[in-house]
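In: Model the following, please.
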Amino acid sequence: MRDVVPVPGQIGRALLAGLACGVLALACGAPYWRHHLAAALLTFVVSVAYGAAGGLFLGAGDQRRRAGELLLLGAVAASVAWVAAWNTGIWPLVSLYTQIASFVVTGAGVLCYPSMRRAERWWVATACVALFGGEFAVELVSRPEWNGFAPDVVWSGFLADRALYDQVLPVVIGAQLAMAGWYLVLLVRRARRLSALDRPAAWPVLLATGVAVGSAVLALLDGDVWTDLEALLSFYFFINITSLAIPLAVLSGGLRERWREVDAPHRVVRMTSATSSVATVRDALAAALRDPRLRLLFWVPAERGYVDRRGQVVADPFAADGRWLIEARVDERQPLALVELDDNLQLRKPMVDAVLRAGSQALLTAQLQAVATAQLKQVLAAQARVEERETAERRRLEQDLRDGAQRQLVALASRLDGLEGLPEPARSVAASCHAEVLGTISDLEALARGLHPSVLRTDGLGAALDEVAARLGLAVQFSVDAGRTPPAVEAAAYFALCEGLTNVAKYAPGARVRIEVTEADGWLHGTVADNGSGGARVVPGGGLAGIDARIRALHGRTVVESEAGTGTRLRVSLPCG
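Out: Numbering: from 1, shown residues only. Below is the predicted model:
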């Protein structure tokens, strides 16, 4: 894994490249600069800025290196274009073609960051044909003096014809304007699809490029540019000045990006130094990589798979359309975590590697927490399954009692009640048996209701609790604002609140009692509160401890508040999902 290049060395190389371009521009345009010293100074500044902008990206270990190479090549071509000022030999032709090359290459460099798409490659190819071909066509049908150069310069002019020249020139100008318009459309499309990662640095560059292209279009409409050397050199200077914002934007954005790349690993360390919880590590990586949608999955060896931050096993962790998945590992054999990132970060692999390496210790700590959470989830899930089986068994026993013993006792009571004409001793025994059978039926009915009351199943929690309060002889104020919930949740809440009512009947029978049941944000909350003497405690093996275990088995919470002299408040909360 490569280290991030230190910022000072990178800046030094960029400045060296910029100074080389500036000196080259002064040397190539020396005859012109003798009479335009201010223009020479400004051109030197622009050339240095362009060269430095390209040189800054040369040290990048990602796709920006290609953009830097193209920008630097464009800066060199623009500097060489000033040889037109010599107006002798082959230099005018070199100037025209290198100026076109600077347009195409610089434009490609802007489109290449962070990556170039098919439509943009088509523009580059078409621009090469249209601009170079158009310039060659003008050269072929003209003489050098018609273009503002000395008659004795190197020039092809094999088909020189003034009338033909006057027809070809507007076509070539139109082609150049069309290429400029197409380029502006590409800039707008690129600006609209930039990711959050690239937007801060790329938008200023695109805006500056758009302004420069628009200015060049306006300058091309001046016919003297095509027929007068002084006008051509002024056009070069005008283009340089109006495009100065491009390298400045590239330099500004590039320096910010380089600083961010250097700082990103340190930022992860700073954010996770105090705590390395799953949430903290995830937030630290998301902030360092500027990806708010970043997702972390942790490897659990016992599951042979990945779990999310809540400890839930992820069935298909590698299903992430349009996202980049990268595995962080302790070693070659043992995965640590799976990081889901913005796909554009593949263009910044050295930075991603540095950030993950800096956060490896925090990731290891967070993985241990995720493993513990997953194991706790398994225990709670097993308890929940036990609770569901117990609830189902209670319902089965209730049904068996009603359909079996209770029905037989009812039939026996009917037969005893129908006995007539018995002698007195037998009549008394039959009446006594009849009364005992009715009492047994009543006891079975109460037992069946205690196992799983039918009113809970048919009418809900409020009606079932009201029946319990009446049976216990308590004056209870009810406030029930909840719909029907899953049977296991409803049963757990019912038995928990029944335990609270039973404790009131046992230890504070004369107290005022209030029951509140609410449902909010996917949770069912139930409270039993009284104004008795208080002092209730959760004792291992006691009723409240059993209620707490049952509630926790369903991933719920139990709170008991019972200070002496202030009454008792039992509150249970259960997730409905």
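In: State the mean pLDDT of stretch 359-379.
Out: What stretch 359-379 shows for mean pLDDT is 69.
In: Quick one: distance of stretch 249-262 to the chain centre.
Out: Its chain's C-alpha centre and that of stretch 249-262 lie 23 Å apart, by Cα atoms, centre = their mean, to the nearest Å.
In: Give the buried residues for it.
Out: 249-251, 253-255, 257-258, 260-262 (16 or more other Cβ atoms under 10 Å). From N, CA and C alone the C-beta is placed, and that goes for glycine too.
In: What of stretch 469-487?
Out: Within stretch 469-487, the residues that qualify as buried by neighbour count (16+ other Cβ under 10 Å) are 469, 472, 474, 476, 480, 482, 485.
In: next one: stretch 263-270
Out: Neighbour counts over stretch 263-270 (16+ other Cβ under 10 Å) mark 264-265, 267-268 as buried.
In: Same question for stretch 201-209.
Out: Buried residues in stretch 201-209, counting neighbours by 16+ other Cβ under 10 Å, are found at 201-202, 204-206, 208-209.
In: repeat for stretch 488-508
Out: 488-501, 503-505, 508.
In: hmm, who's touching stretch 93-104?
Out: The contact list for stretch 93-104, computed with Cβ atoms under 8 Å, 6 or more residues apart in numbering, reads 74-75, 77-78, 80-84, 124, 127-128, 131-132, 135, 139, 153-155, 216, 236.
In: In helices, which of those residues appear?
Out: Secondary structure assignment by DSSP state H places 74-75, 77-78, 80, 124, 127, 135, 139, 216, 236 of the contacts of stretch 93-104 in helices.
In: Select, from the residues you listed, the two members most distant in space.
Out: The most widely separated members of those are Ala75 and Glu139, with 25.0 Å between them, by Cβ to Cβ.
In: I'd like to know which of the contacts of stretch 93-104 are buried.
Out: Counted by 16+ other Cβ under 10 Å, these give 74-75, 77-78, 80-84, 124, 127, 131, 135, 139, 153, 155, 216, 236 as buried.
In: re the thing from before, from the buried residues of stretch 263-270, which land in helices?
Out: Using DSSP H, the buried residues of stretch 263-270 in helices are 264-265, 267-268.
In: so which of those comes closest to Leu221?
Out: For these, the minimum distance to Leu221 (Cβ to Cβ) is 46.8 Å, reached by Ala264.
In: Hmm, Val355 and that closest one touching each other?
Out: Yes - between Ala264 and Val355 there is a contact at 5.1 Å, judged by Cβ atoms under 8 Å.
In: Look up the residues that both of the two are in contact with.
Out: Common neighbours of Ala264 and Val355 (Cβ under 8 Å, 6+ apart) are 288-289.
In: and Leu169, that's in a strand?
Out: No - assignment of Leu169 by DSSP: H, G, I helix; E, B strand; the rest coil gives helix, placing it outside any strand.
In: And it, how far from Glu135?
Out: Plainly put, Leu169 is 11 Å away from Glu135 if you go by Cβ to Cβ, to the nearest Å.
In: Please list all residues in contact with Leu289.
Out: 197, 264, 341-342, 345, 351-352, 355.
In: Repeat the analysis, applying 7 Å as the threshold.
Out: The contact partners of Leu289, taken as Cβ atoms under 7 Å, 6 or more residues apart in numbering, are 264, 341, 345, 352, 355.
In: If I look at the residue nearest to the second one when sequence neighbours are not counted, what pLDDT would I see?
Out: Residue nearest to Leu341 in three dimensions, not counting chain neighbours: Trp324, with 4.6 Å by Cβ to Cβ, 6 or more residues apart in numbering. What the model reports as pLDDT for Trp324 is 83.
In: Also Val48?
Out: Looking at Val48, its pLDDT reads 89.
In: Would you mark the buried spots in the host helix or strand of it?
Out: Using DSSP states H and E, Val48 sits within helix 37-58. Across helix 37-58, burial judged by 16+ other Cβ under 10 Å covers 39-40, 43-58.
In: which is the next helix or strand following the lowest-mean-pLDDT helix or strand in the chain?
Out: None of the helices or strands of the chain scores lower by mean pLDDT, DSSP states H and E than helix 424-451, at a mean of 56. As assigned by DSSP H and E, the chain's next helix or strand after helix 424-451 is helix 454-459.
In: Report how many residues lie close to Arg118.
Out: Counted with other Cβ atoms under 10 Å, residues neighbouring Arg118 total 7.
In: same thing with the one 4 residues further on?
Out: In terms of burial, Trp122 registers 12 neighbours under the definition other Cβ under 10 Å.
In: Give me the contact list for the one helix or strand it maps to.
Out: According to DSSP H and E, Trp122 maps onto helix 118-127. Contacts with helix 118-127, where a contact means Cβ under 7 Å, 6+ apart, come from 104, 108, 111, 179, 182-183, 186.
In: give me that answer again for 10 Å
Out: Around helix 118-127, the neighbours that count as contacts under Cβ atoms under 10 Å, 6 or more residues apart in numbering are 70, 100, 103-105, 107-108, 110-112, 116-117, 130, 175-176, 178-180, 182-183, 185-187, 189-190.
In: Distance from that helix to the middle of the chain?
Out: The answer for helix 118-127 is 32 Å, by Cα atoms, centre = their mean.
In: likewise stretch 155-172?
Out: Worked out by Cα atoms, centre = their mean, stretch 155-172 lies 58 Å from the chain centre.
In: With stretch 304-312 instead?
Out: Counting by Cα atoms, centre = their mean, stretch 304-312 comes out at 18 Å from the chain centroid.
In: What residues of that stretch count as buried?
Out: Within stretch 304-312, judged by 16+ other Cβ under 10 Å, the buried ones are 305-309, 311.
In: Show me which of the residues you listed has the smallest pLDDT value.
Out: Lowest pLDDT of these: Gly311, 68.
In: In this structure Leu186 contacts Cys112, no?
Out: No - with contacts counted by Cβ atoms under 10 Å, Leu186 stays clear of Cys112, the gap being 11.8 Å.
In: between those two, who's got more neighbours?
Out: More neighbours surround Cys112 than the other of Leu186 and Cys112, with 23 against 19 (other Cβ under 10 Å).
In: Could you report the pLDDT at that one?
Out: 83.
In: when you give positions from now on, start the count at 49
Out: Renumbered: residue one is now 49, and that last one reads Cys160.
In: Tell me which residues touch it, please.
Out: Taking Cβ under 10 Å, 6+ apart, one finds 105, 111-119, 153, 168-169, 172 in contact with Cys160.
In: Closest one of those to Gly510?
Out: Of these, the one sitting nearest to Gly510 (Cβ to Cβ) turns out to be Gln111, at 64.3 Å.
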